[in-house]
Each structure stands twice: as structure tokens, then as C-alpha cells.
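Trainee: how does the following fold in three dimensions:
(chains A and B)
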There are 2 protein chains.
Amino acid sequence: MSISAETFFLDSHAQGTLQSQIQQMIAQGILSGRFARGEKLPSSRKLAQHLGVSRITVTLAYTELVASDYLSARGRSGYYVSDTAPEPPATPPQVPKSDAVDWSRAIGQRFTGGVTPDRPRDWSRYRYAFIYGQTDPALFDHANWRLCALKALGQKDFTALTTDYYDQDDPKLIEFILRHTLPRRGITARPDQVLLTLGAQNALWLAAQVLLTQRRIAAVESPCYPALRDILTQSRCHMAPVDVDAHGLPPDRIPQADVIFTTPSHQCPTATTMPLDRRHALLDRARELDALIVEDDYEFEMSFLSPPSPALKSLDGDGRVIYVGSFSKSLFPGLRLGYLVGSESFIREARALRASVLRHPPGHIQRTAAYFLSLGHYDALIRKMGRVLADRRRVMESAIREHGLDIAGSGAFGGSSFWMRAPDGVDTRALTTRLMDQSVLIEAGQHFFPIANPPTNFYRLAYSSIPVERIPEGIARIARAIADIQTNPPPSS
Amino acid sequence: MSISAETFFLDSHAQGTLQSQIQQMIAQGILSGRFARGEKLPSSRKLAQHLGVSRITVTLAYTELVASDYLSARGRSGYYVSDTAPEPPATPPQVPKSDAVDWSRAIGQRFTGGVTPDRPRDWSRYRYAFIYGQTDPALFDHANWRLCALKALGQKDFTALTTDYYDQDDPKLIEFILRHTLPRRGITARPDQVLLTLGAQNALWLAAQVLLTQRRIAAVESPCYPALRDILTQSRCHMAPVDVDAHGLPPDRIPQADVIFTTPSHQCPTATTMPLDRRHALLDRARELDALIVEDDYEFEMSFLSPPSPALKSLDGDGRVIYVGSFSKSLFPGLRLGYLVGSESFIREARALRASVLRHPPGHIQRTAAYFLSLGHYDALIRKMGRVLADRRRVMESAIREHGLDIAGSGAFGGSSFWMRAPDGVDTRALTTRLMDQSVLIEAGQHFFPIANPPTNFYRLAYSSIPVERIPEGIARIARAIADIQTNPPPSS
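Mentor: Numbers count the residues shown, from 1 in each chain, chains lettered A, B, ... in the order given. Next comes the predicted model:
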């Protein structure tokens, strides 16, 4: 690659001759790693013209840099960064060297320090990755996704791809969601009752911003989705954790609250399914409290054991349920596409907020998903995933039973994970670390609890990304590590 | 398309026989427009199995619906929505029929009511569209963008496409920005000083959230970008408008402020360019106030008259400038890709907030842009656009001069618009409406002013989407309409 003349500027306030300034700029570019060995410098004519200096000034600067081995001259073809030029230091110098800003004061609001854990980015290198929510490349219908993306990139769709929608969504995708996706959950809605979002995360965030203030109370399940906890913490509302039981959130234990966040299909993280009667009771309780409900139905497509029960939203005659859907679990998380369904008054505010924060999800992504869904590839993918996940779940259950591990929760009609309980006294964070050395990835459970002093012996095992033949050995290693940790506990605990 | 059995649910609380419930569900589906004429119903066997009822119940329901002309039977191939089935009403019924929620109370924070205008979505149907910030399909390098998207969809990049990056960005795109894009603006930065965003809008929003609180003051240019005003209003900070002059924001008029928002390359909307000396003075003033600066460099790629002056950020030895860049103007706005450059302490908070709000921009978009940039297509596109825009600008200037219209501001090294002043007494909102009837789109200027009683006689003319040969007639129509409105003012003003 060649270096453009436009990357050079003269500073009228700088010290020294023009020639030395030019030398310095180039040397700094090399030392900072911006210019790599073998890259071609602009011709002396071009650089001189760009900087408004005489050509001989540039030539002299280049000649000096050849002498000091920063550059090499290759006859008529010009000057290049020398193959033996100084290497940039492993840690590049601080830029700017001294930050005069007191950032502890300058930052008005902090967003770091949340509880959402960092997961190993190199998870696919672990042989036994019981990791949750990542795509299994072996399952995804890559070929058809690629075809749909191509179709969406066609000349005919160019406008859809490039237009600034401001606050609107792709009508094709909205239509599909209204006519096919929502009816499967028993939900009927009009276009102005749906808003596309950048994944379920973005949907939850928008809902929290619109519905909560510092004076309002959000009831949350305990344990719950850690990113929801971060969202609520940032909204500065009061959080009222409610312990879930074997059927999910118990309505009679919900205290006075303005908004109830719940995951009825598969409680996150315990994976349990709320029975229909409790769904009705939950709606009654919300009516009693005059509270709204945010229903996160993040995993309903993973219903391979039996048809899912209708969504809470489908039973909602009052308009008090706001429904969060996502394509991330069934397509892939990097897609970042989800949606909100709710009353127009709510959707209108959420849409205005979305417009201010990010305008709209990228047009090309929306159109590609619309094609993938409407051509039936999505349904085929769901069926294929269902078969594979059912198989994995069966093998998981039998291996878990064989090794005497304890399932604390699992989904009634499918899902992609088990919520596990290790024996009392086993800290699953230490367990997780030990298992990583043996190429096993599990997820410790502490960060799911929105309470002080959470129990330390829970963990989650997902089977969305692990090949079925590796499951027995993976579970065996977990069982051995738990036994080890009991006989040989880590020093500090 | 056929209707899936899974779109049907029985409500255990419902009145009536199973057969009538099924009939009702289907009739409602047709009346609400969910089931279209010609669509195939699930087989009676499948639906019976799904609902857990006897097959004869379903068959009886289907037969009844055939009798009432909702369905038609096509021999062995099954039941279809009849071609003469009742049509859904033009206005579908309210769903749910009665919203029991008092939304005026339930909504905690309102985001509607901003000043960002709705622009005509059908702008491309106007013959003389002096619209700002939309893509000209004739200029975009659609073929190479498509190739890059395909490359990014290849098996090799599958991980990049599908992975949940959590809070990370595509390293390939970050590298290109650091090594090629920023150096052209004189900026040196490290990877942890850059954050990708969903366009410049998202970058400004993130910066405002991190830096401002209800107790802080933001100095804004007057006039300014209306969406920035909405962002600041929502952040509830104090806004201090500062009138710009022919050289942009005057440093000596900036009052005590915590953050200064500025657009030095091309002031938005007056398009004027801040001279280098004033940039130094602005940095001095910020140091004096101990204020931060958010530099929105949204249009620097549109520098076709002369090389752009170095960014404010490149002159910033203190680390007090936060730089906002965007690919939307030079690629297309629907892409939604921009970035923030700033000190690590700031970027760290902005990254945590982005993770909470939306996680990350979709992986496929990032990788496609990385290819388009690194293969040189972007530079070629910018050069091509520069030639075309220079040509259009020349024709604009000469037509404007010929018709005696008044330019209030234009960019020193390019840009894509002129800021125009109509004679006193001409309300450009009325002018805009009149011109739309003549297939001319202009942008009235009032909504750019963050002040009470803004002047009403300014307007913006952009040349980013109008073919050069239409410019003279478009300008002629504007001149005529202004003359008309002066002799024949609208009734209400």
C-alpha cells in the first residue's frame, strides 16, 4: 500500500525548518507504527505540492531519511519505508503524551463497572464449550443467508439498502413479523405497535428508558439476565428482586412495582417455563398493581419438545404487556436484530428515543432478514436446530444423570441450557477457572443474582454450540472437577 | 404461502365449543388481514394434533367456514382461504380493543416532540431535490460494495459475521481507521482511543450521555444540527447557544461551559470553515474554561476544492477534543457506521454505554466497510464524488449568481450545500411548501436555531443528490417562488 500525501500536515506553530518538520513527521509515522516497512512514500512532487513547499525541501528530507535508514530509494520508482527501518515499540508511546484533562471530573456519568461478564472471545478453541448464546457454525444455513444478503444488495433493493429511514423500519420485515412471527406466539399487532431494535438487548434498554425514572420501581426476577440488571442500574430506578421458583416468577410475591421484567418462556437463567395458569395470575397481579410487564421472549423459537405456550402478550387484554423478541438466538448474535411489541403510545416514545440514539438498524441487515424469513429459510433452520438441540439435550440429560450432577432447572418445551447446582461449598467461579485448563467452558452463576451475597454454587450449561459427541466427555470432566474441588478446595476460600 | 398450525392457540378461559373457537380463530385471522386469500390452511390432522383436539372437530370447523365462504376446499389438496373471503376492513380493528393502561402516567420519560424534522421519504420523486445527506445512487460504487459484502459473507469471515463481539469492534476496520482515515485528518490514535458507533448520530449521543448531566452546560453553535439539539434536550443539560459568524464558532463568545459542540470543517448548517488560527484560539479558550470539545467532522471527505485543514483533534495536546467521524456522508446514510476518537478514559465509558444500549454495530457491516476501505474503493469513490460535486457546485454558484439569490455561507474546501438567505419577510417554511408543488425540495432553516424566535428567512440548498443538468432550472424555480411570495404572501403571515 502507498502512503497518501494527505496524511501530512505542516504545523504553522511548530519549531524548526520545513525540512526537519517533514523528516520528523515521517520518522514519527514509522516509529508509531502508522507507516509499515515496504510502504511507498508519496512522490516528492506530490508531497511538495500538498504541503505548499518546494520540491527540493522534500527531496532533501527523503535523502536524510535514507541516510538514517528510515527510507530506501528504489531508483525511479521512488522512496519506500526501509525494510530495516526502526520497529515501532511494542507499547506505542502515549498519544497525546500528557492528557491535561482530569477525567475523573470530566466524565459526567459512568457506565463501566457493570455485572455483565466478559466471556472468553476465543470460546470456539475450547473443546467442551458449554457456552450460551453463541452461534454453532455447523448449524447455521450460511449458504441461504448469503443468497438473501446478495438479493438485498441487488440494484432493485438499493434504495432500501442506502436510504436514511430516520425513524422508520423496513416494511417488508415488519410485515413478516406481523403476519408470521407474532401469530405463532398468539400475538396480533398493527405496524405502529412494533419497533425493530438492535437485538433484544437494545429492546430492553429502550423499554427501561421510556418506562423508568429514579422514582419508579422495577420488579426483576432473581436470578436474572445480568445485562438487564446493568440496564436497570444505569436507569437509576429502584430494583425489587423477586426469587423465582420451579415455575418462574411467582405473582403473589411481586411487591408494589411500576414495571415487572419477566422471562416466562424460559426463565433466564434457570430455564424453567411458566405454566399457563401462572401467566394468567401474573396478568391479574399486574392489573392489581397497575404495573406494566416487559416480557422477554428471547428463546421461544427453541421449542423442540412441544409447542410453546402462548406468550403473556397474547393473553393481555389490557395492553399492559410489552413484548421483546429477538432473531439473535436463532440466527446469530452478531446480526443484532430484535423487536418490541406494545401499545402505540409506548412504541411512539421508544421510536423517538431510538431515532435519537441511533436512528434505525442498518437497512441492509433488515432487508436480508426479511428475505431469509419470507423465503422460508428461517423456518427450515429452526426445525433443523430443533432436531439437533433435542438430540444434544437428550445426551446431556443422560450424561448428567450418569455422573450424578444436579439439574436445578430446565425448559418444558426446549431451550438451549440447563441451570445446574453444584454441592454446597463449591464456588463455581473457582470451578470455571479449573475447567478452562481442561478445555471445558461453563458459566458460573453468581452474576445472575441481583442481590447481595448471591449463592456461589450455581452454574449454567448450554448445549447450543457443543457437538453432541463431545458432550459425554465434557460432562465427565465437570463431574471430576467438582469432586476434585471438594477434596482439594482452592487456598483462598 | 401456507399458514402454520403453530399460529393457532386454544384459550382455556374462552367461552363456547372447541369447534366454534377454531372457526372464530380462522375467521378473525382473515378479517384482521393476517390470513390472505389463497393461503393454505394446515391439514385437519396437523391442526388437531397441535391443538390436542379430535380431527373431526377441526374438519367440522373447516366445513362450516367453507359454507360461510371464508374457506374453499380444493379436493385432496386441502383447505384454502377463499378467493371471495371477506376482505379485512381498511382500518383494522383496535387490538387490544380497550387499552386499560393510562399511558400518560405509565410513560416515565418522553422522547417525542424533538425538533429534528421529518423529511419527505419520497424525495427521489422530486425532480429538483436539493436535499441534504442522502445518497446519489448514480455516484455510489454499488458493484464494489456488493463484492466486498460478498467477501465479508464468505466462509472465512463467518466468525466475524456471526460472533457476538460484546463490547469489541472489528479489528480490521479499527486498523484501517487508525492507519489511513485518521492520519488524513492529522490524528494519531491507539485502538483503545477509538470506538465504532451506529453513525455520527450515535457517536454524538454517546458523547452527550457520558459527558453531560443536569448540572452541566453544553455550548452549542447557533444555528446547529437539529438532532444534536434533541440529544442535548434529552440529556437535560443546560444549553448555551453561541451565534456563529463567517468563520464558524467565535471562541471569545463562548461562555462558561463544560462541553463545547462544534463543526469546524463545515459548520452545520452554514457550511463555513473555521480558519486554522481560530482553531488554535478555540483550543486555548477550551483550556481556559477547562471545557471539553466535541468536534463533529461529519463532512471532511467532501473536500474537493483544496485539502481540508487539519482537524481540531490533531492540534489537541491536552486530550480535550473528542472527535466524531462518519462514513455515512461518503458511503450512504443507511449504512449507519461512524466512530469516536478520544482519550481512553472517555472511550472506556462510551464503550460500556454502547454495550448496554446495543452491544456493537452488526459484524457484517463492519467487515464489509473494512474491505471496501482497505481495497481502495473508498478512496476512488471519494475522488469521483469530489469531481462530480465540484462540477455541481460550480453550476450552483453560477445559477445562484444569475438569479440574484443570496449565499449566506459555503465551505472553503468543498462540502455539499449552501446556506442561503431569502429576503427579509420571506418565511422559508411557506416557500418550501410552495416549491414542493413545483417538484423542488429545499430545506427551511428555522429548525437549525437552538433559540426562541429564530430568523425565518434562511434555507439550505444541498447538491449531493441533484444531477448537474437540473440545477439551473431548479434554482430558477426557487428564484421565481421567492419573487412570487414577496408579491403574494401567504394569507396567515
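Trainee: now A:Ser309: phi and psi?
Mentor: phi -70, psi 160 (degrees, to the nearest 10).
Trainee: correction: the previous question concerned A:Val101.
Mentor: phi -90, psi 140.
Trainee: which elements pack onto the helix ranked longest in chain A?
Mentor: The helix spanning the most residues in chain A, taking DSSP state H as the definition, is helix A:377-402. Where contact means 3 or more Cβ pairs under 8 Å, 6 or more residues apart in numbering or on different chains; DSSP states H and E, helix A:377-402 is packed against helix A:142-152, strand A:417-421, helix A:471-487. In this view, the C-beta of every residue, glycine as well, is placed from N, C-alpha and C.
Trainee: list the buried residues for the first one?
Mentor: Yep, that's helix A:142-152 we're talking about. For helix A:142-152, the neighbour count (16 or more other Cβ atoms under 10 Å in any protein chain shown) marks A:His142, A:Asn144, A:Trp145, A:Arg146, A:Leu147, A:Cys148, A:Ala149, A:Lys151, A:Ala152 as buried.
Trainee: my guess is the third one meets A:Ala369, correct?
Mentor: No - checked against Cβ atoms under 8 Å, the pair A:Trp145 and A:Ala369 is beyond contact range at 9.2 Å.
Trainee: what do those two both touch?
Mentor: Jointly contacting A:Trp145 and A:Ala369 under the rule Cβ atoms under 8 Å, 6 or more residues apart in numbering or on different chains are A:Leu331.
Trainee: next one: the residue positioned nearest the centre of chain A from B:Trp123, what distance?
Mentor: What sits nearest the mean C-alpha location of chain A, by Cα atoms, centre = their mean, is A:Pro333, with 6.2 Å. Between A:Pro333 and B:Trp123 the distance, using Cβ to Cβ, to the nearest Å, works out to 35 Å.
Trainee: just to check, A:Leu353 is in contact with A:Gln209?
Mentor: Yes - judged on Cβ under 8 Å, A:Leu353 makes contact with A:Gln209 at a distance of 5.8 Å.
Trainee: show me which residues of the stretch 301-450 of chain A are close to chain B?
Mentor: Neighbours of chain B within the stretch 301-450 of chain A, by Cβ under 8 Å from any Cβ of the partner chain: A:307, A:310, A:314-320, A:328, A:332-337, A:343, A:345-346, A:348-350, A:352-353, A:355-365, A:379.
Trainee: hang on, the earlier thing: okay, and the common contacts of A:Leu353 and A:Gln209?
Mentor: With Cβ under 8 Å, 6+ apart, A:Leu353 and A:Gln209 have common neighbours B:Phe111.
Trainee: so which of the buried residues of helix A:142-152 comes closest to chain B?
Mentor: Nearest to chain B among those is A:Arg146, at 4.7 Å by Cβ to the nearest Cβ.
Trainee: that closest one reaches B:Leu153, doesn't it?
Mentor: Yes - contact status for A:Arg146 versus B:Leu153: in contact at 4.7 Å, counting by Cβ under 8 Å.
Trainee: so where's the stretch 51-200 of chain A uncertain?
Mentor: A:88-98, A:159-166 (pLDDT under 70).
Trainee: where along it do the strands fall?
Mentor: Using DSSP state E, counting those that start in this stretch, the strands of the stretch 51-200 of chain A run over A:71-73, A:79-81, A:128-129, A:194-197.
Trainee: ok, and what's touching the longest one?
Mentor: Contacts of strand A:194-197 from elsewhere in the structure, counted by Cβ under 8 Å, 6+ apart, are A:169-170, A:173-174, A:177-178, A:182, A:203, A:206, A:337-341, A:347, A:350-351, A:354, A:360-361, A:366.
Trainee: and A:Gln486, what does it touch?
Mentor: Here A:Gln486 is in contact with A:Pro423, A:Gly425, A:Val426 (Cβ under 8 Å, 6+ apart).
Trainee: confidence-wise, which of these comes last?
Mentor: Within these, pLDDT reaches its minimum at A:Gly425, with 92.
Trainee: how much space separates that residue from A:Asn453?
Mentor: Relative to A:Asn453, and taking Cβ to Cβ, A:Gly425 is found at 15 Å.
Trainee: same check on A:Thr273?
Mentor: 28 Å.
Trainee: mind checking which of those two has more residues around it?
Mentor: A:Thr273 (27 against 7; other Cβ atoms under 10 Å in any protein chain shown).
Trainee: so A:Val220, which of the three states?
Mentor: strand (DSSP: H, G, I helix; E, B strand; the rest coil).
Trainee: may I have the beta-bridge partners of it?
Mentor: Note on A:Val220: beta-bridge partners by DSSP bridges are A:Pro241, A:Phe261.
Trainee: spit out the contact partners of it.
Mentor: A:Leu228, A:Arg229, A:Leu232, A:Met239, A:Ala240, A:Pro241, A:Val242, A:Phe261, A:Pro450.
Trainee: count of neighbours near the closest residue to the fifth one other than its chain neighbours?
Mentor: It refers to A:Ala240. Spatially, and ignoring its direct neighbours in sequence, A:Ala240 is nearest to A:Ala219 (4.8 Å; Cβ to Cβ, 6 or more residues apart in numbering or on different chains). Residues near A:Ala219, counting by other Cβ under 10 Å, number 26.
Trainee: ok, A:Ala219 touching A:Ile293?
Mentor: No - using Cβ under 8 Å, A:Ala219 is not in contact with A:Ile293, being 9.3 Å away.
Trainee: mind splitting chain A into its structural domains?
Mentor: Domains of chain A are assigned by automatic domain parsing as A:5-81, A:123-135+A:380-487, A:142-374.
Trainee: next one: A:Ala399 from A:Ile478, what distance?
Mentor: Applying Cβ to Cβ to A:Ala399 and A:Ile478 gives a distance of 9 Å.
Trainee: do the same with A:Asp136
Mentor: 20 Å.
Trainee: surely A:Tyr463 touches A:Glu397?
Mentor: No - using Cβ under 8 Å as the test, A:Tyr463 is too far from A:Glu397 to be in contact (10.0 Å).
Trainee: who has more neighbours, those two?
Mentor: Using other Cβ under 10 Å as the criterion, A:Tyr463 and A:Glu397 rank with A:Tyr463 on top: 24 against 15.
Trainee: who has more neighbours, A:Asp136 and A:Ile478?
Mentor: A:Ile478 (26 against 20).
Trainee: what's the separation between the more buried one and B:Tyr378?
Mentor: A:Ile478 is 49 Å from B:Tyr378, by Cβ to Cβ.
Trainee: can you check A:Arg470 too?
Mentor: From A:Arg470 to B:Tyr378 the distance is 43 Å (Cβ to Cβ).
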